[in-house]
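Asks: return a 3D structure for these sequence lines:
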Amino acid sequence: MHELALPLLIGLIGVALAFDFLNGVHDAANSIATVVATRLLSPVGAVAFAAFFNFSAYFLALQWPALHKVADTIGRGLIDKDQVTPAVVFGALVGAMFWNIVTWLKGIPSSSSHALVGGLIGAGVAAAGLGHVQWTGLNKTLIAIVLSPLLGLILTMMIMLATSWLGIHASTRGAERTFRGLHLVSAGAYSLGHGLNDAQKTMGIIAVLLYSTGHLSTFHVPHWVALSCYVAIGLGTLTGGWRIIETMGTRITKLNQHQGFSASAGGSIMLFVASYLGIPVSTTHTITGCVIGAGAARRASAVRWGVAGNVMIAWVITIPASATVGALFYLLISGSVRSALVALAVVALLALVASLWRSRPKLA
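Replies: Residues are numbered from 1 along each chain as shown. Predicted structure coming up:
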């Protein structure tokens with residue numbers, strides 16, 4: 001057990017909830033990009049719509065506790081819970097928030113989930129070494145980085161194909177009207193899945209913090225923690241993330257109602273399955289794969305592959321970048337100045353690589 005003064009504990013929980021809020025801001029685009037791009041809802045209406053369903057996931061989880069396995073994976077499935085200290089939690093949160101803010105300012109739809117995973121792994125390894133990494137949980141998370149966008153792409157293309165075949169005799173106007181209604185339902189389901197999967201990541205962090213400081217005798221998520229996290233992510237979504245919405249909704253490919261429905265339906269299926277399996281899947285990766293699948297189902301040239309490629313580069317460097325920053329802040333507050341300088345040099349190198357990539361000459 002690690003002693004921590006009550007004001008510091010409350011402050012650290014506040015930082016965790018701030019990350020959850022920032023997650024909502026950063027990932028608002030995941031929930032509403034398709035409905036904004038297709039003009040199904042106004043941006044303000046879409047944000048309120050997504051925030052409502054993000055919070056409603058709390059009641060869904062109360063009915064089906066089996067959907068709360070993601071919090072368990074984050075809390076004790078990545079780093080040995082007995083090795084997690086308040087300093088590790090602080091380093092993990094700062095590493096994740098740093099990366100979220102950078103990518104939000106640049107309009108890059110990177111993953112808040114994997115930023116948190118990276119931050120936790122970096123701070124945890126800096127504190128206890130590689131021997132305390134829970135490889136089973138980490139490996140399934142890393143595998144999901146590759147599989148979630150790929151499976152989302154394939155599933156969306158299958159939904160596009162099936163619904164096109166079913167509606168082959170429908171008039172253009174009738175099909176458009178039908179898909180507008182279906183798109184609204186699928187977007188609500190996706191927002192529900194987004195809140196369910198993403199809020200749990202902060203719940204796991206707060207639960208392991210309470211466990212490590214002796215405020216919980218066994219690892220579990222108290223109801224007040226769950227409620228606080230769903231409120232925080234809902235309020236974050238309510239503020240929107242307009243830069244990323246533009247990238248997700250218009251720059252990768254143009255969408256009609258049929259494509260928007262297929263993308264959000266495919267994404268919602270992926271998120272509910274991942275939540276049931278306890279995989280902290282990236283909602284950003286998932287919906288990006290689905291949007292690409294919706295565009296590619298029409299024709300491959302409908303997808304702006306250059307933009308999609310830039311998004312994928314951000315995915316590749318998210319975990320190492322946030323892990324390095326997480327380790328850096330852990331080492332700084334632990335007084336390991338020399339190691340912190342090494343971590344800072346790695347952060348600077350990653351920033352240089354990202355800058356050079358963005359400024360590279362574009363092929364005609």
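Asks: give me the spatial nearest neighbour of residue 205, chain neighbours excluded.
Replies: Take residue 205 and drop its neighbours on the chain: the residue closest to it by C-beta to C-beta, 6 or more residues apart in numbering is residue 16, 5.2 Å away. All C-beta atoms are positioned from the backbone trio N, CA, C, and that covers glycine.
Asks: buried residues in stretch 209-223?
Replies: Within stretch 209-223, the residues that qualify as buried by neighbour count (16 or more other C-beta atoms under 10 Å) are 209, 210, 211, 212, 213, 216, 219, 221.
Asks: can you check stretch 114-126 too?
Replies: So, applying 16+ other C-beta under 10 Å, buried residues of stretch 114-126: 114-126.
Asks: how far away is the nearest residue to residue 202 once chain neighbours are set aside from residue 153?
Replies: Take residue 202 and drop its neighbours on the chain: the residue closest to it by C-beta to C-beta, 6+ apart is residue 20, 4.0 Å away. The gap separating residue 20 from residue 153 is 28 Å, by C-beta to C-beta, to the nearest Å.
Asks: can you map out the helices along the stretch 101-250 of the chain?
Replies: In the stretch 101-250 of the chain, the segments counted as helices under DSSP state H, counting those that start in this stretch are 112-128, 135-166, 172-212, 223-239, 242-246.
Asks: single out the most deeply packed of those.
Replies: Highest mean neighbour count among the helices of the stretch 101-250 of the chain (mean count of other C-beta atoms under 10 Å): helix 112-128, with a mean of 28.
Asks: what's it packed up against?
Replies: Applying 3 or more C-beta pairs under 8 Å, 6 or more residues apart in numbering; DSSP states H and E, one finds that helix 112-128 makes contact with helix 6-37, helix 69-76, helix 86-106, helix 135-166, helix 172-212, helix 283-298, helix 305-334.
Asks: tilt between the fourth one and helix 69-76?
Replies: Looking back up the chat, that one is helix 135-166. 160 degrees (axes from the mean of the first three to the mean of the last three C-alpha atoms, to 10 degrees).
Asks: mean confidence for helix 135-166?
Replies: Helix 135-166 comes out with an average pLDDT of 88.
Asks: which neighbouring elements make contact with it?
Replies: Where contact means 3+ C-beta pairs under 8 Å, 6+ apart, helix 135-166 is packed against helix 69-76, helix 112-128, helix 257-277, helix 283-298, helix 305-334.
Asks: would TSV of those helices with mean pLDDT be doable?
Replies: Conversion of the helices and strands packed on helix 135-166 to TSV gives the following (pLDDT from 0 to 100):
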stretch	mean pLDDT
helix 69-76	91
helix 112-128	89
helix 257-277	91
helix 283-298	81
helix 305-334	75
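Asks: buried sites along stretch 272-279?
Replies: 272, 274, 275, 278, 279.
Asks: need the three-state assignment for the last one.
Replies: What it means is residue 279. coil (DSSP: H, G, I helix; E, B strand; the rest coil).
Asks: my read is that it contacts residue 142, right?
Replies: No. At 10.6 Å, residue 279 does not count as touching residue 142 under the criterion of C-beta atoms under 8 Å.
Asks: quick one: contacts of stretch 273-282?
Replies: Stretch 273-282 is contacted by residues 66-67, 69-70, 72-74, 77, 111-114, 116-117, 140-141, 144-145, 148, 193, 196-197, 200-201, 270-271, 286, 315 when judged by C-beta atoms under 8 Å, 6 or more residues apart in numbering.
Asks: how far does it sit from its chain's centre?
Replies: Centroid displacement of stretch 273-282 relative to its chain, using C-alpha atoms, centre = their mean, to the nearest Å, is 11 Å.
Asks: could I have that stretch exported to PDB, CA atoms only?
Replies: Written as PDB, here are the backbone C-alpha positions of stretch 273-282 (Å, rounded to 0.1, in the frame of the first residue of the first chain):
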ATOM      1  CA  VAL A 273     -17.900  -7.000 -29.000                       C
ATOM      2  CA  ALA A 274     -14.700  -5.400 -27.800                       C
ATOM      3  CA  SER A 275     -16.300  -4.200 -24.600                       C
ATOM      4  CA  TYR A 276     -17.700  -7.700 -23.900                       C
ATOM      5  CA  LEU A 277     -14.300  -9.300 -24.500                       C
ATOM      6  CA  GLY A 278     -12.600  -6.700 -22.300                       C
ATOM      7  CA  ILE A 279     -10.400  -5.200 -25.100                       C
ATOM      8  CA  PRO A 280      -9.700  -1.500 -24.700                       C
ATOM      9  CA  VAL A 281     -10.100  -1.000 -28.500                       C
ATOM     10  CA  SER A 282      -9.500   2.400 -30.100                       C
END
